[in-house]
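[1] Compute the structure for the input listed below.
(3 chains)
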Amino acid sequence: MKRIDKLRISRRQMLGATATAAAGAAAAAAPLSEARAATAAAPRWSMVMDMRRCIGCSACTVACKAENNVSLGRFRTVVQRKMTGTFPNVKKINLPIICNHCEGSAKDGADDGVPPCVSVCPEYPGERLTYVSPTTGKKIRYRGGATYRRPDGLILIDVAKCIGCGKCLDGCPYGVRSFDPFVQAGAKPEEQTADKCTFCVHLIDNGQDPACVTTCQGKARIFGDLNDPDSPVSKLVREHNLSSPGNVLLPEKGTAPQVYYIDPEGVLKTAYREREKGKLDHYMEYLDA
Amino acid sequence: MAIARKDMAETAAARSAIYGFLATVFRAEPSAAFLARLAGDEFAGAFASLEGSLSDQLIATDRDRLAEDLAVEYTRLFIGPGPHISPHESVNIDMGNALEASFWGTQTVKVKKFIEATGLEYAEAFTDMPDHISVEFEFMQTLAAKEQEAWAEGNAEYATNLLAIERRFFDEHLDRWVPRFCDKVIAEADLDFYRAMAELTKQVLAFERQNLATETAESQTHA
Amino acid sequence: MTALNRRGFMKLASASGAVLAAGAADIRPALAGTIKLSQSGRSFSPTTGKERQAIPTACWQCVTRDSMIGYVEDGRVVKLDGHPESIRTRGVICAKGQAGINTVYFPDRILYPLRRVGARGEHKWKRISWDEALDEIAGRMKPLLDAGTPEKLMYHYGRNKASQSKVNGDFLGAFGTKTIGNHTSICEGGKWTAQELMWGGHYDNWDFDNTDFVLVFGSNTLNTHTNHIPVAQRLIDAHVGRGVPMYVFDVRLTDTAAHADEWIPINVGKDGLVALAMCNVIMSEGRYKRDLFKFMKVTADRNASVDEKIAAVKAGVAAFTPEMAEKDSMVPADKIRELARAFARAKSGVVVSYRGTIAHQDGADQERAMMLLAAITNNVNSPGGRCQGVGAGWKSPKSKAGQKTGGKVKALNINDGFPGQVAYPTHHVNHQVLKMIKDGRAGRPEVYIWSCYNPVYVNGEVEENKAIMKDESLMPFTVSINIVYDESSALADIILPDVTYLERWDWEDMVSPTQVAEYYFRQPLIKPLGESRDTGDIWVGLAQRLGIKLAWSSKEDFVRQSCNMTPGVKEAGGFEYMKKRGIWHDKNAKPDYMGFMSKIPASALKKDGVIFDQATGVYWNWKKAKAQSADEAMKVGYQNTPGAYKAYVGQEIDGEVYRGFKPDKVNKSGFLEFYSELLKAKGIPAFPTFTPIAEHTAMAPDELHLTTYKVAVHTHSRTSHCKWLSEIYHDNPGWMNPKTAAERGLVDGDRIRVRSKHGEITTHVKVTEGIIPGIIAISYHVGREFSGRYGSGKADPIPGTMADDPDFKNKWWDRHGVHPNVLIANAPDRMTGQQRWMDEVVRVEKA
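    Down below sits the predicted model:
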């Protein structure tokens, strides 16, 4: 099996090079059963957040704005901050949050593998698509939609199919989606399209890390392939036992998030500010400090 | 047929002259000499026949003083400091994404690539943004001049294609933002001059919207 | 106006044609070349493919100046990232760096020279050409040359470093003026001077990669350090990756304090006291390390034995018991003991200090206490200790100085504070410049040019600054070189459009955390927008008009020559290499740990002009010091010969001559000087001590300390126009402990009025457990009067509802903060001239 690390383009190699930029996200997706069966054939993209290392500098937030041209008034990733305790025994926790790229897990005992944002999308399941694994070269069939899950685990939005109904904004328990005021919903141009983190699909499909990871000073964000046992994320998951339920956000929702938190002090739950119904205030980054 | 071609050539020449004039008006602050020529009989006459209110101020005022005042007005309206009416397409379009519709955004790139695709390039000494209103006018001026030349040389196919390019640029760029830009100028101008020029520009674009369509259809019969 | 018909169109065309034909020179064409269409334009199609280039360059949002890769697509900068080959940054940049694109493409950017046409501050401007602008400025400069008073040209900058600084100094020197202002006194000048008095050089870099223990005083090292990216990542690596203990003393729970093993709240201005108490514990309990004492000077006797020195340090810190320190500092005596012991026990350790420690009266003495703590534990210039920063040593072309003034280069004496105000202003006292101009006794600049500086906003007493800059009788001609209309350029006579750092050439030299110098480089990612122009190229234009010959023809040429003459870079391929790679370091270089212990060869002492100074034990070269004769030099002595430090050769200790701690700005000896003859000579205690701060001891019960601070996403005054940064940080409530708030009947979010002797601001209060009682803390980035629409939030300095850029519709915040500097005196520390940001006291009440 070809190791994904070998495919990664060194940023050094890009120096001085003039290249034709890749087109946007490759279209993705295939019949669900196939996708599930084929997971080992494809990468399983994941991010580990090391809460010990997040220094609250917001470099990730701004790098994301720059990489993805995110308009003002909304974010694709933020760092939540929380102070706890009484003077002088006070703690401050920085909590980077992002789309969890949920795998979707057991609902009524059935392993349906469809995360809530995808299941509420009226355009899902849509056309049959083929994903070519960068690790094995295997072709994997899956189903598209305005919001859909690609066989490598990315939850993506197909702007052309989006009708701007907002069901996925409401359906995401983490509230990490917003409307892009500049982009029309392709299938209903009078509406704005839904938008969210793609793990910088245009970069990872070219062997690079997401922008927030590349610029993280404390190495608090680690990105990689959980299907590669030697990847840094796999090692961290093993080392810190991250597959236990306490290391993801809102485990009780059964969404099987693919963003894991290293949280030796057990403060994840305390630090996390959940969305309020119908609001996205928790997903705005600003410091009244 | 030859007469009709002559008409086409004349129209192209006229278009070139008018866009050239508008490019001059919006490129920079007017000189006193330029103002004096505007106040001259021919231009003032043409303007008066449109019931424009330009000539009174031009004739009545000390032109050096007016040029100075208009330089301040030009700065305030189109340069800053502080918010101003950015005379650039990318800032004035209301669609696309945040990157497209921003100062020197990807819309600017589209304008630049359109212009460069015709073989023209930006002059080394030109220091404004590639999608400055005056560049767009100058581009139309240049295209129309070439079109006129083609008609005159009897190269109808070339002329027709040039006209199609003019129309495309007009539709995809100029007409998408300049009328609204002119409305802002009309609302914000303190002195008559830029208000009058913005009015005139709007009228020219309104005429062109029709004219280019008719001309394009007409040109097919020659090609 | 009536609609055009064909007849009207043709008539208008004819008239337009006539107008144009009569004045061919009305317009400079924007377009060149001719229309060339393949297949007669049959298949005309504008290209849509994107061309992306990766170009190495360097950041400049803040002084850290990280090397970067800029990605340019179709002539637009689209993304910035850290340079993966950098040994300083290891390929990352911060939030400010990521927002660098905002500085190029923001709707309020100044792109043309502007001349004021109304009164100062009336906001009435006219665009002028570069020729007009330069003619006018040269026209103001020429009479200064004619009158033999070139020093009346003052150039004032905020952050000029590396090639920028050299280019500016070179031109101004050629013109004949040394009236060059900086802003170090409002940053950390006092820290540098304190270090120069002890250590010789300045800039402490902490060897986090090798350290075993970290103590932080008054510094949010993880978020806001001047060398942020290189140090923050190494500190977190040490602490999390290697489990290095970390303790943070601060009045606030900063992100650094939050990551520490423990946040130790401390009263304002008491860092030095606690450090002395830690020294007391270490000395009295015999936990010191003897290694460094030989190289320390701790009494008047330079020949004192190590045991005598140990005894002297013990005696010097004896008064500062942990109990005594607890009373004033609120740090428990037991905690002081515990940390002192742990620090002394650690194999190595760093003592970090910054503005919280030093921006006080005698703040430099607090820095000396920090250094003493490091020295007695053998943590100076040692692996894992507090090491002198190492930056790149570039060479650059030099023009002949004083070309029209017979080689003379003069300065108005307005950079170092009022006579007698400051003992050793080695980094100047530039927050006093406007006051001194107002005073006038030391002369006034006829021409005041500034760039990368905002004198109104960044200093204290903002309203006074404004009044002085508005007054044409005090400041007859002022020129601002800027990218954005701000509080100071609003009061200029001419504004010149500066390039952004993504549009210019520089070589760079910021300190490397590894003690191995990194040579790096900045090149334009794009052609400068509009008519913006690098200051170096502005000098070229002025030099041409004034008949001054420069050794370089443009800023690019200056940088090219520098690359091609700097050892190392030159051999690697010089300018062309740097254009391609952007970065170079000597792969064989090693950190210079303990370099002070190396011996000076006898041959060096026998060189022509080298003499021995009995008083200090310093070998120095009287010729190099430009003394009149050997005899004269011997008579006056090393310490009293101006500039003798430049001629330092070595330090005699116990009969051997060592490299020692080489002086840099003052005539100190080669010892690590804790007993300073230089301070003593100015009536300041020679040995580190703690002197209570007058403003603090005189505080009334209802008064509060005011402290100010930085956040991670802004520089002091040069990033608020960046929309992505102002979106994250735009408001600065006053932090207050619940106890302090309750005493004033305040609850979280209340509007409050904050008053000092100098001014008043109204803001709201953030009641938080993360701050000590008895103070209010307000950050200093926001509250902008003018700094673009995203910074100031103002529609406009000029009335009217003008067009906005499309993203402005999405701007959702309507608070834009307040500026605490309005409340703070422009007051220098007596030792160094450091602006005393943290000494102000205020009253706070419900508004």
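[2] residues touching residue 116, list them.
    I'll assume chain A. Going by Cβ atoms under 8 Å, 6 or more residues apart in numbering or on different chains, A:Pro116 touches A:102, A:104, A:171-173, A:253, A:255. In short, each C-beta sits where N, CA and C put it, glycine included.
[3] You answered for a different chain; I wanted chain B.
    By Cβ under 8 Å, 6+ apart, the contact set of B:Glu116 is B:122, C:46.
[4] Now do stretch C:136-143: distance to the chain's middle.
    Distance of stretch C:136-143 from its chain centroid, counting by Cα atoms, centre = their mean, to the nearest Å, is 30 Å.
[5] buried set for it?
    Buried residues in stretch C:136-143, counted by 16 or more other Cβ atoms under 10 Å in any protein chain shown: C:136-138, C:140-141.
[6] re the thing from before, by neighbour count, which of the contacts of A:Pro116 wins?
    Neighbour tally across the contacts of A:Pro116 (other Cβ atoms under 10 Å in any protein chain shown): the maximum, 28 neighbours, falls on A:Cys102.
[7] isn't that one right next to A:Val114, touching?
    No: contact criterion Cβ atoms under 8 Å: A:Cys102 and A:Val114 do not qualify, at 9.2 Å.
[8] Show the subsequent helix or strand relative to the host helix or strand of C:Val72.
    If you go by DSSP states H and E, C:Val72 is part of strand C:67-73. The helix or strand immediately downstream of strand C:67-73 is strand C:76-82, counting by DSSP H and E.
[9] Would you mind writing the CA trace of that next one as CSV?
    This file holds the C-alpha atoms of strand C:76-82, laid out as CSV (Å, rounded to 0.1, in the frame of the first residue of the first chain):
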residue,chain,number,x,y,z
ARG,C,76,-2.5,38.9,-6.7
VAL,C,77,-1.2,37.8,-3.4
VAL,C,78,-3.5,35.0,-2.3
LYS,C,79,-1.8,33.3,0.7
LEU,C,80,1.1,33.6,3.0
ASP,C,81,2.8,30.8,4.9
GLY,C,82,5.9,30.3,7.0
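[10] Go ahead and measure how far the helix or strand that C:Glu571 is a member of is from the middle of the chain.
    For C:Glu571, the element it lies in under DSSP H and E is helix C:569-572. Relative to the centre of its chain, helix C:569-572 is centred 29 Å away, using Cα atoms, centre = their mean.
[11] Over to stretch A:265-274?
    Remark: stretch A:265-274 is offset 19 Å from the chain centroid, using Cα atoms, centre = their mean.
[12] go on, stretch A:234-243?
    18 Å.
[13] The helix holding C:Glu571 and chain A in contact?
    No: figure legend: helix C:569-572 not in contact with chain A (Cβ under 8 Å from any Cβ of the partner chain); closest approach 14.9 Å.
[14] by contact count, what packs against that helix?
    Contacting helix C:569-572 under the criterion 3 or more Cβ pairs under 8 Å, 6 or more residues apart in numbering or on different chains; DSSP states H and E are the following elements: helix C:555-565.
[15] packing partners for the helix it packs on?
    Packing partners of helix C:555-565 (3+ Cβ pairs under 8 Å, 6+ apart): helix C:162-175, strand C:506-508, helix C:535-546, helix C:569-572, helix C:574-581.
[16] Now do it: everything it contacts.
    Under the criterion Cβ under 8 Å, 6+ apart, residues C:163, C:166-167, C:170, C:394-397, C:504-507, C:521, C:534-537, C:540, C:551-552, C:569-570, C:574-575, C:577-578 lie in contact with helix C:555-565.
[17] out of the buried residues of stretch C:136-143, which one sits closest to chain A?
    The nearest member of the buried residues of stretch C:136-143 to chain A, counting by Cβ to the nearest Cβ, is C:Ile137 at 36.6 Å.
[18] so the closest one touches C:Leu542, yeah?
    Yes: the pair C:Ile137 and C:Leu542 qualifies as a contact (Cβ under 8 Å) at a distance of 6.3 Å.
[19] quick one on the thing from earlier: mind checking the helices and strands packed on helix C:555-565 for the one nearest to C:Gly91?
    Closest approach to C:Gly91 among the helices and strands packed on helix C:555-565 (Cβ to Cβ): helix C:574-581, 14.0 Å.
[20] Please indicate which of the contacts of helix C:555-565 are buried?
    Those of the contacts of helix C:555-565 that meet the buried threshold are C:163, C:166-167, C:170, C:394-397, C:504-507, C:521, C:534-537, C:540, C:552, C:569-570, C:574-575, C:577-578, by 16+ other Cβ under 10 Å.
[21] how about the nearest residue to B:Ile115 once chain neighbours are set aside, secondary structure?
    Nearest residue to B:Ile115, sequence neighbours excluded (Cβ to Cβ, 6 or more residues apart in numbering or on different chains): B:Phe139, at 5.3 Å. Assigned by DSSP: H, G, I helix; E, B strand; the rest coil, the conformation of B:Phe139 is helix.
[22] residues touching B:Phe139, list them.
    Residues near B:Phe139 by Cβ under 8 Å, 6+ apart: B:115, B:120, B:169, C:31.
[23] Is the last one bridged to anything, and to what?
    Going by DSSP bridges, C:Leu31 is paired in beta bridges with B:Tyr122.
[24] Go ahead and confirm it touches B:Thr142.
    Yes: C:Leu31 lies in contact with B:Thr142 (Cβ under 8 Å); the separation is 6.1 Å.
[25] Now for the two: what residues contact both?
    Taking Cβ under 8 Å, 6+ apart as the contact rule, C:Leu31 and B:Thr142 both touch B:Leu120.
[26] neighbour-wise, which of the two wins?
    B:Thr142 (25 against 20).
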